[in-house]
Each structure stands twice: as C-alpha cells, then as structure tokens.
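>>> I would like the atomic coordinates for the input below:
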Amino acid sequence: MTTSDGTVQGRTQTFGSAPRNRAFTVVLLGDGFTAAQQTDFNTACKDFVNALTATAPYDELAPAINIWRVNVTSTDSGADDPAGAGSTGATARTYFDSTFGANGIRRLLVCNNSTVLQTAAAQVPVFSAAIVVVNSTVYGGSGGSVGTYSLASGATEIAIHEAGHTAYGLADEYPYYAGGNETGHDHHPAGEPSEPNVTLNTDRTTLKWGWAVAANTALPTMSNPNCATVDSRPSTVPTGTVGTFEGAHYYHCGAHRPEYTCKMPELGVPFCRVCRQVIWNRIGPLATLPARDRTPISVVARYPEHLDVFAAAADGRTMSNWWDATGGWAGWFQLGIT
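Numbers count the residues shown, from 1 in each chain. Okay, here's the model as predicted:
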C-alpha cells in the first residue's frame, strides 16, 4: 500500500546503446513482484523489449532507444482489486500501490504516480517514459504521466498501447467509454481535442493530419448512422486509408480517428500512419538513424551561421530541420507531401 511495503533493488539496462543524453529512454518498474518473483519481472521486461522493437515504427527507431528495468520488491504479489462487478476484492501490499477499478472500470489500472516518477528519476535520471509492470493476470492498464500494464494475455500489446499515451500524448481512439452502450457518450462535446490522433474536424484544408489524406478520399470517410451505439460496420475503404472515421475519444459520434483501425483503439494491429508519424517525430531527431532507401537529402546554407536540411522519404513525406550557431538543431518539422 505504501513504500514501506517493498524495497527498490536497483536498475539494469536491458536494451540500447544510444548516448544517454540523446536517447529515448524507457524505464520499466515492477509492482506486486515479491522478492522471490524478480525473475518473473525480468522476463516480463525482456518480453516488452522484444515486442516493442518488433513494432513499427520502433523497429526503425531502435538505435535511438534505451530501455532500463528497475527491480522493486513488494510484500505481496499482485495488485488491489476492489470489490465490484467481476472483481476479487483483493488488497495487496505493494510498493507503488497499483489498483484496478479506477473510475469504476475494472480494467483501468492505476498506481501512485508520484512514487513512480520519484523512483524512476532516482534510478535513471534522464528518462523519457516510466511504465509500471504489474504482476497480475487481471486485464488492465492506463496511460498518463505514468503508464501501467498487467501481465494479462496480450500484456506487451497493452504496454505498447499505454506507452502511446504516456510518451507521446496519443488519445484513446475507442468509440466508447465503458463498453459501447453507456449513456452520455453519444456525441462528443464541442472543443477540438489537443491530442494529435483525434479530431472533431472533417475539413480537408484544416485537418490536423491532412498531409496524410489522399485527394480522392472522402471526408468524412465513415460516419456513424446510429449515435446511440458504436458503429460496428466493416470498413468501407481499403486497409491503411487515412481519412476521418467517426467514433473516437470515448464517443460514438462527433469525434474522428485517422484510420479505421490502429493500436490506439484495438490491440494486436499496427499503429496507424498518423500515430507512427507522431512517434517518429518524437524519437527520430534524438540520434543518427540508418538512412531509409531512396531518401534524397539536400542541404542549403542560406547564411554562414545557418543551415537548412530537407529530407523526402520514399512514401512522399517531406521534413525539414535547421541549425544555427546559437540554437543548435531545431528538430524535424513541416511535414507534408511532395
């Protein structure tokens, strides 16, 4: 229940060789693993590394990624599972106080974020994302300032999804909040969401991911014909089509996601093109990466102290960066289509 219910054992780097000051650094911390179960935590961390580095775009970004594990013992195994529909009512004495059932949803697994962040910073001072691995087979996870995931079936998929929230501010693209038949989630309230992968806007000229939408793709691409529930129809367009698909951000109607499916609403599928680009934009500038095939790069020195770099990928995306003597590299920006 508190830090008196366990001990921080230490840290181990499990993946990566990027310079620590120029790396995307993930810290995995264990909760609900007793002293005798630390090998189980180590195995879970290895599984996470294998899954993450096999998932696009992380497979290309691996040279810029470091992953550490922080072994923490807990007095008890598992996590709190407060009494409710389908729950066990269990109480576990764990270091980070991981608990299922936040907001009345059993799968919503939370912990003491402050303790997690303090522990991560003490063990790995330069970290990008902290994720807690919870020793329970009950399905659950969450994202925010700290990510969590349990060791339920498909654990690594849960982890990669939750890291999308914690590391990049990606939104849930679920078209429901608690299953699909809940009240109060028929229509998204007014106000454009801040997250990069959901929108209320279907105007091609101002759409936040308009750069990825083909000229012949209709907007909206799919509209929900019955806002009282989730639109469960199959996609009306080919897989990989980027457009605006109604049903996202926990609402049946009003909010749109970029593709029919993506890892942010559904586990076991790839990230959509927009989410992949968000991840790439965050990690790509941190280290020198292997050049993509057929990627022309041009450099323009406008002034002796200023350098512009332009890159066009094989898929038509263009990016630019600039450097000057006072500010250094600015980071890739101005995505578009050539």
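
>>> got the buried residues for the host helix or strand of residue 11?
When elements are assigned from DSSP states H and E, residue 11 belongs to strand 6-15. Neighbour-count burial for strand 6-15 flags 6, 8-9, 11, 14-15 (criterion: 16 or more other Cβ atoms under 10 Å). C-beta: built from backbone N, CA, C; applies to glycine.

>>> Adjacent strands (with direction) for it?
Strands that pair with strand 6-15, judged by DSSP bridges, come out as strand 65-74 (antiparallel).

>>> Downstream of the strand it pairs with, the next helix or strand is which one?
helix 113-123.

>>> Let me see the mean pLDDT of that next one.
Per-residue pLDDT over helix 113-123 has a mean of 97.

>>> Phi first, then psi, for residue 282.
When read as degrees, to the nearest 10, the backbone of residue 282 gives phi -80, psi -40.

>>> For residue 50, give me its contacts.
residue 156 (Cβ atoms under 8 Å, 6 or more residues apart in numbering).

>>> measure it to residue 44 for me?
11 Å (Cβ to Cβ, to the nearest Å).

>>> Repeat that for residue 98.
With Cβ to Cβ as the criterion, residue 98 and residue 44 are 14 Å apart.

>>> Comparing those two, which shows the higher neighbour count?
Between residue 98 and residue 44, residue 98 has the larger neighbour count (other Cβ atoms under 10 Å), namely 27 against 21.

>>> Need the pLDDT of the more buried one.
What the model reports as pLDDT for residue 98 is 98.

>>> re the thing from before, what's the closest of the buried residues of strand 6-15 to residue 270?
Residue 270 has its nearest neighbour among those in residue 15, at 21.0 Å by Cβ to Cβ.

>>> Who does that closest one form a beta bridge with?
Per DSSP bridges, the residues bridged to residue 15 are residue 67.

>>> residues contacting it?
49, 53, 65-67.

>>> So residue 127 belongs to a strand, correct?
No - Residue 127 is assigned coil when assessed by DSSP: H, G, I helix; E, B strand; the rest coil, not a strand.

>>> start the count at 56, not 1, going forward
Sure, I'll start numbering at 56, so the last one becomes residue 182.

>>> All the strands of the stretch 256-393 of the chain, residue numbers only.
300-303, 306-312, 352-358, 361-367, 372-379, 383-384, 388-392 (DSSP state E, counting those that start in this stretch).

>>> Work out for me the element residue 103 sits within.
helix 93-107.

>>> Tell me which residues touch residue 216, please.
Counting by Cβ under 8 Å, 6+ apart, residue 216 has contacts 196, 198, 318-319, 322.

>>> what about 7 Å?
318-319, 322 (Cβ atoms under 7 Å, 6 or more residues apart in numbering).

>>> Mind giving me the packing neighbours of the helix or strand containing residue 81?
Here residue 81 sits within strand 79-86, counting by DSSP H and E. Counting by 3 or more Cβ pairs under 7 Å, 6 or more residues apart in numbering; DSSP states H and E, the packing neighbours recorded for strand 79-86 are helix 93-107, strand 120-129, helix 168-178, strand 184-189.

>>> okay, the ones you listed in JSON lines with distance to residue 162 next?
Shown next, in JSON lines, are the helices and strands packed on strand 79-86 (distance: least, Cβ to Cβ, whole Å):
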{"stretch": "helix 93-107", "distance to residue 162": "18"}
{"stretch": "strand 120-129", "distance to residue 162": "21"}
{"stretch": "helix 168-178", "distance to residue 162": "18"}
{"stretch": "strand 184-189", "distance to residue 162": "12"}
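
>>> Looking at these, spot the one closest to residue 338.
With Cβ to Cβ as the criterion, residue 338 lies closest to strand 120-129 of these, at 6.8 Å.

>>> hang on, the earlier thing: pick the most deeply packed of the helices and strands packed on strand 79-86.
Of all those, strand 184-189 has the most neighbours on average by mean count of other Cβ atoms under 10 Å, namely a mean of 28.

>>> what element comes up after that one heading to the C-terminus?
Using DSSP H and E, the first helix or strand after strand 184-189 is strand 196-197.

>>> Figure out how far that following strand is from the centre of its chain.
11 Å (Cα atoms, centre = their mean, to the nearest Å).

>>> thinking residue 184 is in contact with residue 218, fair?
Yes - with contact defined as Cβ atoms under 7 Å, residue 184 counts as touching residue 218 (6.1 Å).

>>> what is in contact with those two at once?
residue 202.

>>> Please point out which parts of stretch 198-217 sit buried.
198, 201-207, 210-217.

>>> brain fart, stretch 219-238
For stretch 219-238, the neighbour count (16+ other Cβ under 10 Å) marks 219-223, 225-232, 235 as buried.
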